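Novice: how would this look folded up:
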Amino acid sequence: MSISDPFRGTPMPSNGVRMRGSKAVVETLKAHGTEYLFGVPGSTIPLFAEFAGRDDVKLILTRDERGAACMADGYARISHKPGVCTAIEGPGTTNLLTGIGEAWMSSIPVIAITAARTPTESAKNPIMFCRGRVYDTFDVLKPYTKWGIQVHHPARVSELISRAYAISTTGRPGPVQVELYPDAMYQEWDFDIAADPQYSTWPAQRVWPDPEKVKAAARLLVNAKRPVIIAGGGVVRASAWEELIALAEYLSIPVATSLFGKGSIPEKHPLAVGVCGIHSRLSANQTVEDADLALFIGSNTDMHTTNKWTSPVPGKTTVIHIDIDPEEIGRNYPTEVGIVSDAKHALAGLILAVKEIVPEKRHLQERYDVVKKRVDAWRAKILPDQLSDATPIKPQRLMHEISKFLRPDAIVLGDLSFSSIWVNVHYDTPIPGPFITYARGFDLLGWGLPASLGAQLAAPGRQVLSLIGDGSLGYCIGELETAARYNIPAVNIVLNNSTLGYEKFLIKYYNQPGKITEEQPGCDYTKVDYAAVARAFGCVGIRVEHPSEIRPALEKAFASGRPALIDVVIDADVIPPSTFFDESIRSA
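Specialist: Presented below is the predicted three-dimensional model:
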């Protein structure tokens, strides 16, 4: 052992294989099973140079750092491995911010490897820093990361990157930052690189529930007259859908989902009522509002899920809350039983506890009948729009065609705003699994396209489809070139209504509450043929202006084996199913 500091006596191992710190970074990624690094070079040149002649860990050069963070996010959601992105100091790191913010709010493990300038340049006004400070941008990501560390010496590179994997994948998953100083990248050291495989995937180190609290929750569930389960993203990420469905069927409990919980139960299951909250199916909100007990499992009680904290009804509904993050329990609702646990273990424990009280499966046909009546009424209400031949195309017809076309295990992403609403309300998930996801954590415009590329790299044999508005596309359109350069065959559908739809309707609606005015609030764009733009970038570009063209376009896009963009001209006057608008004017 050598000593790094004679006064502190900090031991540093000096045995192992001699290599630069930059190579140790890549070898540590490899040891953890990471397949891709997304980013843009600069002062991280020594790191990028390590990829020459190797393909065990692949470099994906993006058009900007924001896109790199979103690709790493999309990759992590589908692969269940941490996504890794990189950026230089200064503007490179600030460009990561919104992408890392989305990962933070959506609880996705993304490791951001950033650069720093040498301390010898402190207070000298080096390039890319203001007022002489060389630590500005390390602080920028702090509010949106679980943990961050600055690495000054090459001896600690592999150790601290391994630590980043452990922190990002445990507890409530989330992004972390490792900032490398020049010495840490350029200097050599003797490395003995090893990885703990349990942190190569997520969630890691699953938390078991308190047995007594599980028993208390089971008693409440058994005795409830109109219970409902609200399944969140924690169910999907813990792969707990089998346990969820088993509990629901054992006690005949209807299941609603949050946005991120979509995929925890097939939406044609006889107990499934759909996504609840602000952007919801009527059947879901009706069921939650009518409940005398609500079990939140792997879901927070945020504004989206609870329809602005009105559903479940405060004071009327008994609440059981199970979540991996203790800070979420009791945040917005008085909670009868709060359990800190991984969703899979909690549901397994609940099933055992319920069976001790009710030895035989309790099939209550009246509960199934209520679910069927509500879901059937919603489906009957949307059917005319699903079958509409109107032009411009109704989004409901587009989603109907997509639902019929895609394979059961297709991966579907919804960008922010109308795109995600149409996905979470009108796309039927045929089988449970981590197949549906959105940018609804940080509400990040322009997430869908780059995230779809990361998702496709995580699942190369599967159909990957992203829906993105034309407003969002402007934030990320350069990544079409990235898709073409690496031939990443994700398909992106642009909902082209030549406007910022949500903002336009909200401005009009709140200008005169209760009705939509004719006044133009300044949200409209020039009409653009995005299919032609996609072709200019080297992608397949298909323009769709009539409903009969939707399925042929999907067939052509996926059969091409190339990145494709389908530009669908949609009706700009259709108000999506959002409770921000009065029920008399919004669609179902």
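Novice: switch to C-alpha atoms for all contacts and neighbour counts from now on
Specialist: Fine.
Novice: Quick check: Val425 vs Ile253, distance?
Specialist: 21 Å (C-alpha to C-alpha, to the nearest Å).
Novice: Return the set of buried residues in whichever strand or helix holds Ala246.
Specialist: Here Ala246, judged by DSSP states H and E, is contained in helix 241-251. By 16 or more other C-alpha atoms under 10 Å, the buried positions in helix 241-251 come out as 241-245, 247-251.
Novice: right, and out of those residues, which lies closest to Glu212?
Specialist: Nearest to Glu212, judged by C-alpha to C-alpha, of the buried residues of helix 241-251 is Leu247 at 18.1 Å.
Novice: Touching, Arg367 and Ser252? I think so.
Specialist: Yes - counting by C-alpha atoms under 8 Å, Arg367 touches Ser252, with 6.6 Å between them.
Novice: the more surrounded of those two?
Specialist: Comparing Arg367 with Ser252 by neighbour count (other C-alpha atoms under 10 Å), the higher total belongs to Ser252, at 23 against 19.
Novice: got the contact list for that one?
Specialist: Ser252 is in contact with 271, 362-365, 367-368, counting by C-alpha atoms under 8 Å, 6 or more residues apart in numbering.
Novice: Leu259 too?
Specialist: Contacts of Leu259 by C-alpha under 8 Å, 6+ apart are 232-233, 275-276, 304-305, 424, 437-438, 440.
Novice: what does Thr317 give?
Specialist: 291-294.
Novice: between Val425 and Ile253, which one's more packed in?
Specialist: Legend: neighbour count by other C-alpha under 10 Å for Val425 and Ile253, higher for Ile253 (26 against 23).
Novice: List the residues that contact the more buried one.
Specialist: 226-229, 247, 271, 367.
Novice: these two touch, right, Gln205 and Arg172?
Specialist: No - at 10.5 Å, Gln205 and Arg172 do not qualify as touching, with contact defined as C-alpha under 8 Å.
Novice: Tell me which of those two has more neighbours.
Specialist: Between Gln205 and Arg172, Arg172 has the larger neighbour count (other C-alpha under 10 Å), namely 21 against 13.
Novice: element containing that one?
Specialist: Element membership for Arg172 (DSSP H and E) is empty, with no helix or strand holding it.
Novice: I'd guessed it sits against Ile324; true?
Specialist: Yes - assessed by C-alpha under 8 Å, Arg172 is found in contact with Ile324 at 6.0 Å.
Novice: Show me how this structure divides into domains.
Specialist: For the chain, automatic domain parsing gives the domain ranges 2-199, 211-369, 387-569.
Novice: State the mean pLDDT of the first one.
Specialist: Averaged across domain 2-199, pLDDT comes to 88.
Novice: hang on, the earlier thing: mind putting the domains of the chain into TSV with distance to Ser578?
Specialist: Formatted as TSV, those follow (distance: least, C-alpha to C-alpha, whole Å):
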stretch	distance to Ser578
domain 2-199	21
domain 211-369	5
domain 387-569	8
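Novice: for those, which one sits closest to Ser584?
Specialist: Across these, closest to Ser584 is domain 387-569 (C-alpha to C-alpha), at 8.8 Å.
Novice: and the closest one, how far apart are its ends?
Specialist: End residues of domain 387-569 are separated by 17 Å (C-alpha to C-alpha).
Novice: How about stretch 283-299?
Specialist: Start to finish, the residues bounding stretch 283-299 are 19 Å apart (C-alpha to C-alpha).
Novice: What is the neighbour count of Asp73?
Specialist: Neighbour number of Asp73 under other C-alpha under 10 Å is 34.
Novice: For it, which three-state class applies?
Specialist: helix (DSSP: H, G, I helix; E, B strand; the rest coil).
Novice: got it, and the one 3 residues further on?
Specialist: In terms of secondary structure, Ala76 is helix; the call rests on three-state DSSP.
Novice: and Lys225, what does it touch?
Specialist: Here Lys225 is in contact with 292-293 (C-alpha under 8 Å, 6+ apart).
Novice: ok, of the contacts of Thr317, which one's closest to Asn285?
Specialist: Ala291 (10.0 Å).
Novice: Return the member of the buried residues of helix 241-251 nearest to Asp573.
Specialist: Nearest member of the buried residues of helix 241-251 to Asp573, counting by C-alpha to C-alpha, is Trp241, at 37.2 Å.
Novice: Could you pull up the contacting residues of the closest one?
Specialist: So Trp241 contacts 235, 264-265, 432-433 (C-alpha under 8 Å, 6+ apart).
Novice: In a markdown table, list the residues you listed along with neighbour count, pLDDT and distance to Ala164.
Specialist: Compiled in a markdown table, those are given as follows (neighbours: other C-alpha atoms under 10 Å; pLDDT from 0 to 100; distance: C-alpha to C-alpha, whole Å):
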| residue | neighbour count | pLDDT | distance to Ala164 |
| --- | --- | --- | --- |
| Val235 | 30 | 98 | 24 |
| Ser264 | 33 | 97 | 29 |
| Ile265 | 28 | 98 | 32 |
| Pro432 | 21 | 96 | 30 |
| Gly433 | 24 | 94 | 27 |
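Novice: How many residues are close by the closest residue in space to Pro563 that isn't next to it in sequence?
Specialist: Among residues not flanking Pro563 along the chain, Pro489 sits closest, at 3.9 Å (C-alpha to C-alpha, 6 or more residues apart in numbering). A total of 28 residues lie near Pro489 under the criterion other C-alpha under 10 Å.
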